[in-house]
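# What follows is a predicted protein model with its sequence.
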Number of protein chains: 2
Amino acid sequence: MSDVAAAAGVAQSTVSRILNDAPAPISVSAETRERVQAIARDLGYSPHPIARALRGAPTMLLGAIVRDITDPFFAGAIEALSVECKARGYSVVLGHARATEDEALAMTAVLEARQCDAIVLLGDFTAEHRLVADLRDGRARVVGLWHGSERDRPFVTVGVDNHFGVQLAMTHLTSLGHRHIAYVGVRSLGDMQERESAYARFMRAQGVDPEAGYIHKVENSVGSGVQALAGILERTPDVTAIFAATDNIAMGLLHAAYERGLRIPDDLSVVGFDDIPMAAASVPTLTTVQMPIAEIVARGVEYCIGEEVWSGEGPAPHELLTPRLIVRRSTGAVSRS
Amino acid sequence: MSDVAAAAGVAQSTVSRILNDAPAPISVSAETRERVQAIARDLGYSPHPIARALRGAPTMLLGAIVRDITDPFFAGAIEALSVECKARGYSVVLGHARATEDEALAMTAVLEARQCDAIVLLGDFTAEHRLVADLRDGRARVVGLWHGSERDRPFVTVGVDNHFGVQLAMTHLTSLGHRHIAYVGVRSLGDMQERESAYARFMRAQGVDPEAGYIHKVENSVGSGVQALAGILERTPDVTAIFAATDNIAMGLLHAAYERGLRIPDDLSVVGFDDIPMAAASVPTLTTVQMPIAEIVARGVEYCIGEEVWSGEGPAPHELLTPRLIVRRSTGAVSRS
DNA sequence: TTGTACGCGTTATCAT
DNA sequence: ATGATAACGCGTACAA
């Protein structure tokens, strides 16, 4: 910038004013303005974001803390986040927080994140106490997406109505005649916990005790479907349908059923949750619960770097968006009792 | 930091020296050192990375420019990149460059990327001339991963030996008796182009003219398999096997075959390329070409922020790592001629 | 209308 | 062994 000033024969502050479209009470002669702008262009000047940031300007960086980018669902969420941020001139920096033990390392991400104007938590991190505490005390605004509906949230959260989503899926199955419906979920809090309890409540309302071996917990990976299915068939052979807490798991179940020679949906119906891209191209295609990902992300970003901020007073806003059921070919009428 | 200095009753520069483990020729009394360190800890002091960066320190930020995070293969690559960077104390900031027309926006990512110490290109961006030009002229070190093997590369590239990978896949198919093998690829340069020409060369060596309708190009998505299969069966009904340039496409083919009632591998064999996680859990599981992703990423990161730098003189280093074939259940002996 | 001077939080250099 | 001071690039209050 000083180069530009020197070349134009004006003070550096003048250049700054011109290039930043000086606020109202200041005025610059049109002639100087044009000259400086021309020179700045010729010299290929571009402002140094770091120096700006040092002056207190926002870094235009938004930190995204996520457990597993490889999870197709979160990959889609990050995609949406990236698009939304780009539209607002922001970039997203990735913070990895793989395992729970990685808490300390996740902290690192937070520290680095001090350069970020805001932090978005993708998924459930309620178990990560130190992380949450640091985030709460930190300078940056924080928003939790798909973070569950726990009480006393320390920051704004936006998510999906898990209870309603599960209801949709389960009602679909019962309307097809299924009564003995197993659940395969993930040992985690937040959304996973909510889906499980919504399932349990539904089953009890139907007069079936879900605690009688119908609930199975595995890792959230396509590979875990095999062991889950084996467990289900062994402990509750009367099962005619399975509700999986994520599409990833559901994919694993489709695979495992195929390996065992079980036909879907003739012998077994499967419903997932997430509607990942692969759900529309699996064998067979997967009936699943779809969430308005883009909307959820957009709401979260709005709270982070938009107008609609939370003052920090009173309970943190908590928005729940509504999912819908996508019926495909993995579910069908029950063929045995 | 000035707070710490005031509280300790020493000069602020002294604090800086202590906290940064001052270089050799400087000495600090042990007593002062401990006192300052204690106070810094009590005050919860942590250095301001932006101010450091302004002084010329590296930002410890690595920019990753990628077309589609949703692509399971690149999601895996980003995961590996993130892990590798974290181990070196770096964070990765995501630069989205979706469509080709998005070139201008990709530029934005580059500009923001000025804060980055290095840039990693994930995938092929040779068609993005302005992007490449800007990157070449830029300050940051640039490395292209899976960027193809074009000549006169303006920066270091690390990738996979596509020719060898295709050879593995095709040899596997011919050894099973397949002769009429179709190819489904993507209209793009870099790796996609190399896989296609490697396929064409192999076919010609086998005495089959690949130009006779055996080559099909689609979008790289699971959804595009349906139209691809329809086109293949219509134009070349003698086909008994298909080689897909990516697992994503291969997944779509498995799905499309199932919808048409074609049994895999009895009626049709399918081979993919990438070995995405889903390839091990599809119906049926997919025979595919696996790349050493972690190694490729590690090599790239080494060139970016490691010791092994390229001076900029002479031709840019270009490393090719070796893929291997993973044989699963989507390929079998030919059953018709 | 434009120039001067200061400060953001560090680190490096020079002087004490 | 430590303190004072300049500089990094920018925005801005104040002076001219």
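Structure's in. What do you need? Because the structure is a prediction, the values reported are computed rather than measured. Numbers count the residues shown, from 1 in each chain, chains lettered A, B, ... in the order given.
# A:Ile119 reaches A:Ala140, doesn't it?
Yes. The criterion here is Cβ atoms under 8 Å, and A:Ile119 meets it with A:Ala140 at 5.2 Å. All C-beta spots, glycine's among them, are computed from the backbone N, C-alpha and C.
# neighbour-wise, which of the two wins?
Neighbours were counted for A:Ile119 and for A:Ala140 using other Cβ atoms under 10 Å in any protein chain shown; A:Ile119 has more, 24 against 18.
# Kindly confirm my reading that that one forms part of a strand.
Yes. Counting by DSSP: H, G, I helix; E, B strand; the rest coil, A:Ile119 is part of a strand.
# where along chain A do the helices fall?
A:2-8, A:12-19, A:30-42, A:49-54, A:72-87, A:103-112, A:129-137, A:162-175, A:190-205, A:225-235, A:247-259, A:293-305 (DSSP state H).
# Would you mind finding the most buried of those helices?
Using mean count of other Cβ atoms under 10 Å in any protein chain shown, the stretch among the helices of chain A with the largest mean neighbour count is helix A:247-259, at a mean of 26.
# who does it touch, helix- and strand-wise?
Here helix A:247-259 touches helix A:72-87, strand A:181-186, helix A:225-235, strand A:241-244, strand A:269-274, going by 3 or more Cβ pairs under 8 Å, 6 or more residues apart in numbering or on different chains; DSSP states H and E.
# Out of these, the one nearest DNA strand D is which?
Proximity to DNA strand D, assessed across the helices and strands packed on helix A:247-259 by Cβ to the nearest atom of the strand, is greatest for helix A:72-87 (20.9 Å).
# for that closest one, the distance to its chain's centre please.
Averaging C-alpha positions (Cα atoms, centre = their mean, to the nearest Å) puts helix A:72-87 8 Å from its chain's average.
# could you check the angle helix A:293-305 makes with that helix?
50 degrees (axes from the mean of the first three to the mean of the last three Cα atoms, to 10 degrees).
# which other residues reach helix A:72-87?
A:62, A:64, A:66-69, A:91-92, A:94, A:120, A:122-123, A:145-146, A:246-248, A:274, A:276-278, A:293-294, A:296-298, A:300-301, A:305, B:68-70, B:72, B:75, B:94, B:96, B:105, B:108 (Cβ atoms under 8 Å, 6 or more residues apart in numbering or on different chains).
# what about stretch A:7-22, average pLDDT?
On average, the pLDDT along stretch A:7-22 is 89.
# That one vs DNA strand C: in contact?
Yes. Using Cβ under 7 Å from any atom of the strand, stretch A:7-22 reaches DNA strand C at A:9-14, A:17.
# quick one on the thing from earlier: looking at the helices of chain A, which has the lowest confidence?
helix A:103-112 (a mean of 61).
# Could you list the domains of chain A?
According to automatic domain parsing, chain A comprises the domains A:2-46, A:61-160+A:293-321, A:162-291.
# So for the first one, first residue to last residue, what's the gap.
The first residue of domain A:2-46 is 12 Å away from its last residue (Cα to Cα, to the nearest Å).
# is that domain anywhere near DNA strand D?
Yes. Using Cβ under 7 Å from any atom of the strand, domain A:2-46 reaches DNA strand D at A:2, A:12-13, A:16-17, A:19-20, A:23.
# Could you let me know which of those residues ends up closest to B:Pro58?
A:Ser2 (23.4 Å; Cβ to Cβ).
# ok, now how distant is the closest one from A:Tyr45?
Using Cβ to Cβ, to the nearest Å, we find A:Ser2 at a distance of 10 Å from A:Tyr45.
# Identify the contacts common to the two.
By Cβ under 8 Å, 6+ apart, no residue touches both A:Ser2 and A:Tyr45.
# Out of the helices of chain A, the one nearest A:Gly213 is which?
The closest approach between A:Gly213 and any of the helices of chain A, judged by Cβ to Cβ, belongs to helix A:225-235 at 4.1 Å.
# so what secondary structure elements neighbour that closest one?
strand A:181-186, strand A:215-218, helix A:247-259.
# and those as JSON lines, adding distance to B:Arg136?
Shown next, in JSON lines, are the helices and strands packed on helix A:225-235 (distance: least, Cβ to Cβ, whole Å):
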{"stretch": "strand A:181-186", "distance to B:Arg136": "46"}
{"stretch": "strand A:215-218", "distance to B:Arg136": "48"}
{"stretch": "helix A:247-259", "distance to B:Arg136": "40"}
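# would you list the domains of chain A in CSV and tack on distance to B:Leu253?
Formatted as CSV, those follow (distance: least, Cβ to Cβ, whole Å):
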stretch, distance to B:Leu253
domain A:2-46, 46
domain A:61-160+A:293-321, 19
domain A:162-291, 9
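# For B:Ala198, find the nearest of those domains.
domain A:162-291 (26.2 Å).
# Now find how far off-centre the closest one is within its chain.
Worked out by Cα atoms, centre = their mean, domain A:162-291 lies 21 Å from the chain centre.
# and if you look at stretch A:295-305?
With Cα atoms, centre = their mean, you get 11 Å for stretch A:295-305.
# who touches it?
Against stretch A:295-305 from outside (Cβ under 8 Å, 6+ apart): A:58, A:62, A:77, A:80-81, A:84-85, A:88, A:90, A:117-120, A:141-143, A:145-146, A:156, A:158-160, A:308-310, A:317, A:319, A:321.
# Now list the buried members of those residues.
Using 16 or more other Cβ atoms under 10 Å in any protein chain shown as the burial test, the contacts of stretch A:295-305 include A:62, A:77, A:80-81, A:84-85, A:90, A:117-120, A:141-143, A:145-146, A:156, A:158-160, A:317, A:319 as buried.
# residue contacts, the closest residue to DNA strand D within the stretch 101-250 of chain A?
Residue of the stretch 101-250 of chain A nearest DNA strand D, by Cβ to the nearest atom of the strand: A:Gln115 (14.9 Å). A:Gln115 is in contact with A:53, A:59, A:61, B:49-50, counting by Cβ under 8 Å, 6+ apart.
# Let me know the closest of those to B:Ile215.
After measuring the contacts of A:Gln115 against B:Ile215 - Cβ to Cβ - the closest member comes out as A:Leu61, at 43.6 Å.
# show me what contacts that closest one?
Contacts of A:Leu61 by Cβ under 8 Å, 6+ apart are A:90-93, A:115-117, B:93.
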